[in-house]
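Visitor: Turn this into a model:
(4 chains)
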Number of protein chains: 2
Amino acid sequence: MFDFLQKKVNDTISITNEEFDYAKTLFQPKKLRKRRFLLEEGETCIYTTFVEKGLLRSYTIDDKGNEHILQFALEGWWSGDLYSFLTGETSEYNIEALEDSELLLITKESWDQLLHEIPAFERYFRILIQNNLIATQRRLMGTFSTTAEERYQKLLKEFPDIIQRVPLHMIASYLGVTRETLSRIRSQMASGS
Amino acid sequence: MFDFLQKKVNDTISITNEEFDYAKTLFQPKKLRKRRFLLEEGETCIYTTFVEKGLLRSYTIDDKGNEHILQFALEGWWSGDLYSFLTGETSEYNIEALEDSELLLITKESWDQLLHEIPAFERYFRILIQNNLIATQRRLMGTFSTTAEERYQKLLKEFPDIIQRVPLHMIASYLGVTRETLSRIRSQMASGS
DNA sequence: TAAAAACTGTGACATAGATCACATTCATTT
DNA sequence: AAATGAATGTGATCTATGTCACAGTTTTTA
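Guide: Predicted coordinates for the structure are as follows:
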């Protein structure tokens, strides 16, 4: 059950089996069925989650009722609302399973303990967050400098698996356009060049 | 010279004077005059920078020649291109002083050493990057869910000092609109509500 | 297996913001 | 102090994307 997590962590840092055995005790497994929620707006995000199997999305709903997707989390990715998790404030995000999923959850207390007891994990999360920041900065600059079509093409190239597993209106929401616009982009791409 | 840095670090984590005395030896001071560059597109970002005094901006230039500002860095903030700094790849960013500035620079080697020797600094940078990620995620969701005017109002409220110290066409670029659009937003705000 | 819900496509029209062009004011440099 | 460049404002027009409305298809649920 924890092999995949161990492998992913070891891809980034070196930890001993003893250290990982300790880490294991701090996580709790959870199955989440399609269309069920790990977190809903207004709640506090009490877990950070590793996705062993399945697919999650985190999104906000704006004043007009439109959804905006912050992140898809596939197998091997982490999910959660960092701000709410760290501060204990209520979250503005919803986290929903898009497929039947198997998760490993860790609470703030356990997470603090893990980072404190095993400095390699402090390092691991620093690197994880660092890579996430780099990717988020690129996505932000991309929304300023490229058209919706270019962003779609890029996603198609970098994460073809996401496109295949996620309904198109959610892809549109991730790209920052309406489903109608994405639909037109796709039909243009199919006919035109 | 290092007092401000020490204070900022101590706001987040606890370090002893001995630890900080060691850290000091790894930074090199640099003065950068207005309109001079710390980093230019195509170079490798060999320093991460603490701003003691002054103001930097980091920005990219897209295919059409338009500038897009990723970050302003005021006194007490950090700047640099994380991706280039970490990987040694060439950068797509330019970092320019908008005022005569005083900086503290640290190379990748020294930074690695600092994080390795003093785990408290690993923790410090993890928290720094974490907060940056939270802010960047918010900015990204904001560009999807709010109008240019709302984003301008928010910036005005959260960072009035930036607005006062930075030319309006750069504010526009940070918000993801043209200078003409920001100009019209401002005149509407002045007359209208 | 029937009904309901979710998903996708497409036409007609509306709009926020971009683009281009020019004028004015303000700041730097020599 | 003059001259150059930087910054800002504003009108006219254009365009990518949004909005609304309806229809067809696929998937889920009872």
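Visitor: Would you mind listing where chain A has pLDDT under the threshold?
Guide: Counting by pLDDT under 70, the low-confidence segments of chain A come to A:192-193.
Visitor: can the helix with the most length in it be found next to chain B?
Guide: Counting residues, the longest helix in chain A under DSSP state H turns out to be helix A:119-145. Yes: using CB under 8 Å from any CB of the partner chain, helix A:119-145 comes into contact with chain B via A:119, A:122-123, A:125-126, A:129-130, A:132-134, A:136-137, A:139-141, A:143-145. Any C-beta I mention is one placed from the backbone N, CA and C, and that applies to glycine too.
Visitor: elements contacting that helix?
Guide: In terms of contacts (3 or more CB pairs under 8 Å, 6 or more residues apart in numbering or on different chains; DSSP states H and E), helix A:119-145 is packed against helix A:3-12, helix A:108-117, helix A:148-158, strand B:67-73, helix B:82-87, helix B:119-145.
Visitor: For DNA strand C, find the nearest of the ones you listed.
Guide: Among those, the nearest to DNA strand C by CB to the nearest atom of the strand is helix B:119-145 (9.1 Å).
Visitor: Are that closest one and DNA strand C in contact anywhere?
Guide: No: taking CB under 7 Å from any atom of the strand as the criterion, helix B:119-145 and DNA strand C are apart, separated by no less than 9.1 Å.
Visitor: Kindly report the same for stretch A:23-35.
Guide: No: residues of stretch A:23-35 are not located near DNA strand C by CB under 7 Å from any atom of the strand, the shortest gap being 7.5 Å.
Visitor: And DNA strand D, is that stretch touching that?
Guide: Yes: against DNA strand D, stretch A:23-35 shows contacts by CB under 7 Å from any atom of the strand at A:34, A:35.
Visitor: what's around residue A:122, how many residues?
Guide: 21 (other CB atoms under 10 Å in any protein chain shown).
Visitor: My guess is it contacts residue A:111. True?
Guide: No: using CB atoms under 8 Å, residue A:122 is not in contact with residue A:111; the gap is 10.5 Å.
Visitor: so what's the spatially most central residue of chain A closest to, chain neighbours aside?
Guide: Closest residue to the average C-alpha location of chain A: residue A:73 at 3.5 Å, with CA atoms, centre = their mean. Among residues not flanking residue A:73 along the chain, residue A:79 sits closest, at 3.9 Å (CB to CB, 6 or more residues apart in numbering or on different chains).
Visitor: Identify the residues contacting the one you found.
Guide: Counting by CB atoms under 8 Å, 6 or more residues apart in numbering or on different chains, residue A:79 touches A:38, A:48, A:49, A:51, A:56, A:58, A:71, A:73, A:95.
Visitor: wait, which of these is closest to DNA strand C?
Guide: Using CB to the nearest atom of the strand, residue A:56 comes nearest to DNA strand C of those, at 14.0 Å.
Visitor: That closest one and residue A:96 touch, don't they?
Guide: Yes: Residue A:56 is within contact range of residue A:96, at 6.8 Å (criterion: CB under 8 Å).
Visitor: Would you check how far apart residue A:113 and residue A:81 are?
Guide: Applying CB to CB, to the nearest Å, the value for residue A:113 to residue A:81 is 20 Å.
Visitor: Point out the residues in chain A that sit beside DNA strand C.
Guide: Proximity of chain A to DNA strand C (CB under 7 Å from any atom of the strand) is limited to residues A:167, A:168, A:169, A:170, A:179, A:180, A:182, A:183, A:184, A:186, A:187.
Visitor: about what we covered before: run through the residues that contact the residue nearest to the centre of chain A.
Guide: Contacts for residue A:73 were tallied using CB under 8 Å, 6+ apart; they are A:49, A:51, A:55, A:56, A:57, A:58, A:79.
Visitor: mind redoing it with 10 Å?
Guide: Residue A:73 makes contacts with A:38, A:49-51, A:54-58, A:79-80, A:95, A:97-98, A:101, A:103, as judged by CB atoms under 10 Å, 6 or more residues apart in numbering or on different chains.
Visitor: Among the residues you listed, name the ones in strands.
Guide: Judged by DSSP state E, the subset of the contacts of residue A:73 located in strands is A:38, A:49, A:50, A:51, A:56, A:57, A:58, A:79, A:95, A:97, A:101, A:103.
Visitor: and the two most separated of those?
Guide: Pairwise distances across these peak at 15.8 Å for A:50 and A:57 (criterion: CB to CB).
Visitor: Just list whatever residues bridge to the closest residue to residue A:5 other than its chain neighbours.
Guide: Spatially, and ignoring its direct neighbours in sequence, residue A:5 is nearest to residue A:50 (5.5 Å; CB to CB, 6+ apart). Beta-bridge pairing for residue A:50 (DSSP bridges): residue A:78, residue A:104.
Visitor: is it true that residue A:50 touches residue A:7?
Guide: No: the pair formed by residue A:50 and residue A:7 falls short of the contact definition of CB atoms under 10 Å, at 11.5 Å.
Visitor: Find residues that contact each of those two.
Guide: In contact with both residue A:50 and residue A:7: residue A:76, using CB under 10 Å, 6+ apart.
Visitor: Looking at these two, which is more packed in?
Guide: residue A:50 (24 against 10).
Visitor: Give me the distance between that one and chain B.
Guide: Distance, residue A:50 to chain B, by CB to the nearest CB, to the nearest Å: 17 Å.
Visitor: contacting residues around that residue?
Guide: By CB under 10 Å, 6+ apart, the contact set of residue A:50 is A:2, A:4-5, A:8-9, A:27, A:29, A:73, A:75-80, A:102-106.
Visitor: Out of those, which end up buried?
Guide: The neighbour count (16 or more other CB atoms under 10 Å in any protein chain shown) marks A:2, A:4-5, A:8-9, A:27, A:73, A:77-80, A:102-106 as buried among those.
Visitor: Counting neighbours, what do you get for residue A:56?
Guide: By other CB under 10 Å, 25 other residues sit near residue A:56.
Visitor: ok, now how distant is it from chain B?
Guide: Residue A:56 is 16 Å from chain B, by CB to the nearest CB.
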